[in-house]
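In: how would this look folded up:
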Amino acid sequence: MIRKQILLLLISSVTFATPLWAAAEGTSTEGFYAGANLGMGMPNLKTPNGVDKDSQAVAGVLAGYKFNPYFAVEGQYTGIGKVTDNVHGSVKADALSLTAVGILPLNDAFDVYGKLGVAATSSKVSGLSAYDDATHMGATYGLGAEYHFDKAVSMRVGWDHYRAEVDVNSGGSKSFDSNVTTVGVVYHF
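Out: Predicted structure coming up:
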């Protein structure tokens, strides 16, 4: 059901943006940029009481510097999702990341990109006696596409992968992955 909603969101975003694509003036080749994203975080964490819901709408902000048409460095803060168990305990996680972005311009208005970097995740536990809050530092990566309406404004669709963890009260920690799919707007200064 959630994947259908995400697919519908992506298709409708492209459909509504199509008339604007013909009017694009090209992209800037370097400089600062900032933006905001909305999407869906899908953490893969199994709880002792079973999982009732394992996805959540997320929001994030990003800022970066584009050195040339092919390379940028980007920082991002985003939610990566929430897991709710069958007894209403929950784990919610956020990530702060720094990534190198490789960009492949397909034409004057449309780019695809890949990201690789490091992320610090923070998991907050509520109502689950088996787990406790935790932070984790690890690799992050992602893929996406960006359409430039003009030199200043673009729309971005992306997928990012994060690893987070919770502390286990009986000792140690439990890692889990989260995939985040987003649609956003970016302003190039």
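In: start to end distance for stretch 123-134?
Out: For stretch 123-134, the first and last residues are 5 Å from each other (C-alpha to C-alpha, to the nearest Å).
In: buried residues in stretch 133-150, which are they?
Out: 134, 136, 140, 142, 144, 146-149 (16 or more other C-beta atoms under 10 Å). Bear in mind the C-beta positions are built from the backbone N, C-alpha and C, glycine included.
In: ugh, wrong one, stretch 37-48
Out: Result for stretch 37-48 [16+ other C-beta under 10 Å]: buried residues 37, 39-43, 45, 47.
In: next one: stretch 95-107
Out: By neighbour count on 16+ other C-beta under 10 Å, the buried set for stretch 95-107 is 95, 97, 99, 101, 103, 105.
In: next: stretch 75-93.
Out: 76, 78-85, 89-93.
In: what of stretch 62-72?
Out: In stretch 62-72, counting by 16+ other C-beta under 10 Å, buried: 62, 64, 66, 72.
In: please name every helix or strand in contact with the helix or strand harbouring Asp167.
Out: Applying DSSP states H and E as the criterion places Asp167 in strand 153-168. Secondary-structure packing of strand 153-168 (3 or more C-beta pairs under 8 Å, 6 or more residues apart in numbering; DSSP states H and E): helix 2-21, strand 31-44, strand 71-85, strand 90-105, strand 110-126, strand 131-132, strand 134-148, strand 173-188.
In: can you list the weak-confidence ranges in the chain?
Out: Scanning the chain for pLDDT under 70 picks out 1-28, 51-52.
In: mind redoing it with 50?
Out: Within the chain, the segments meeting pLDDT under 50 span 7-10, 12-27.
In: next up, phi/psi of the residue in it sticking out farthest from the centre, please.
Out: Going by C-alpha atoms, centre = their mean, the residue of the chain most distant from its centre is Ser170, 31.5 Å out. Note on Ser170: backbone dihedrals following degrees, to the nearest 10 are phi -80, psi 0.
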